[in-house]
Each structure stands twice: as structure tokens, then as C-alpha cells.
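Colleague: let me see the structure of the following:
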Amino acid sequence: MPQNFKVITRDLMSTSTGSFETLYTAQTGSTIVVIGLMVANVHTGEIAVTINHQSTTTQTNQTQNTTSVLCNAIPIPIGSTFELLSGNKVVMNQGDIIGIKTNIADKASVTMSYMEIT
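Modeller: Next up is the predicted model:
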């Protein structure tokens, strides 16, 4: 199983105040291990960010996954960066989504590092 380290970036998220925007969707035939996710405040005031993991996969003999909130309305001061995982990992299966929502549109810069297993 090949393993590749990758990064995805967005200079400004989310495009609409209070609505989740997709940062990443796990592709067909791959499992993703999110190893880092940082959100920087690029606004002139404090912002709040919510990050979720949208999943509908079902593991053997388990209930189907649903959307989980990884962090909820975390305040990020002016000029600061919030690191979501800080040593933890999130596993994503095919079709799973990482979504970002902010209280002010286009004021968060996001970087996600991950390992793709194919």
C-alpha cells in the first residue's frame, strides 16, 4: 500500500458566514490520515471556527457514521493560528469530508496535512 504525504491549503474560508465549506473529500480507493490542521485568523478582529468530519461509512457490525464536530466555535484572536489536532489523528474513508465554518466569511486561512494510503 503506497503512502504519500500531501497538503491542501485555502487562503480564505468559509465563503459564506455560518455555512460549512468543504476543505477536503477523501477520494475513491484511498484512506486518509489527517496529521495536521491549522486555521489562521487573517481578519482585523477575532473570528470563531467550527470544523466537522462528515462520514457515512459503516464498519463491519457497526452503526453507520454520521457528522461529528471536531471543534465548535473556537475563538481565534487577531493574528493567531489554531491547531486542531496537536498530536492526534483523524482517519477518513472514501467519501468522508472535512468541513470548515466561520462566523465571518473569508477570514480564515487553512492548511491541512495528511497521509494518503492507496
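Colleague: return the set of buried residues in stretch 68-80.
Modeller: Buried residues in stretch 68-80, counted by 16 or more other Cβ atoms under 10 Å: Leu70, Ile76. Any C-beta I mention is one placed from the backbone N, CA and C, and that applies to glycine too.
Colleague: same question, stretch 19-27
Modeller: Applying a neighbour-count criterion of 16+ other Cβ under 10 Å, one finds Phe20, Glu21, Leu23, Tyr24, Ala26 buried in stretch 19-27.
Colleague: pretty sure Ala105 contacts Ser14?
Modeller: Yes: shown here, Ala105 and Ser14 form a contact pair, counting by Cβ atoms under 8 Å, at 6.4 Å.
Colleague: neighbour count winner among these two?
Modeller: More neighbours surround Ser14 than the other of Ala105 and Ser14, with 25 against 17 (other Cβ atoms under 10 Å).
Colleague: so what's that one up against?
Modeller: Shown in contact with Ser14 (Cβ atoms under 8 Å, 6 or more residues apart in numbering): Phe20, Glu21, Ile100, Lys101, Thr102, Ala105, Asp106, Ala108.
Colleague: tell me the bridge partners for the residue most central in space within the chain.
Modeller: Central residue of the chain (Cα atoms, centre = their mean): Ile98, 4.0 Å from the mean position. Following DSSP bridges, Ile98 is listed with bridge partners Tyr24, His53.
Colleague: ok, it to Val7 distance?
Modeller: Ile98 is 13 Å from Val7, where distance means Cβ to Cβ, to the nearest Å.
Colleague: between these two, which contacts overlap?
Modeller: Met112.
Colleague: can you map out the strands along this protein?
Modeller: Chain-ordered strands for the chain, with DSSP state E as the definition, fall at 3-13, 21-25, 31-41, 47-54, 68-76, 81-83, 90-92, 97-102, 108-117.
Colleague: turn these into JSON lines, including mean pLDDT.
Modeller: Output for those, formatted as JSON lines (pLDDT from 0 to 100):
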{"stretch": "strand 3-13", "mean pLDDT": "95"}
{"stretch": "strand 21-25", "mean pLDDT": "96"}
{"stretch": "strand 31-41", "mean pLDDT": "97"}
{"stretch": "strand 47-54", "mean pLDDT": "96"}
{"stretch": "strand 68-76", "mean pLDDT": "97"}
{"stretch": "strand 81-83", "mean pLDDT": "97"}
{"stretch": "strand 90-92", "mean pLDDT": "96"}
{"stretch": "strand 97-102", "mean pLDDT": "96"}
{"stretch": "strand 108-117", "mean pLDDT": "97"}
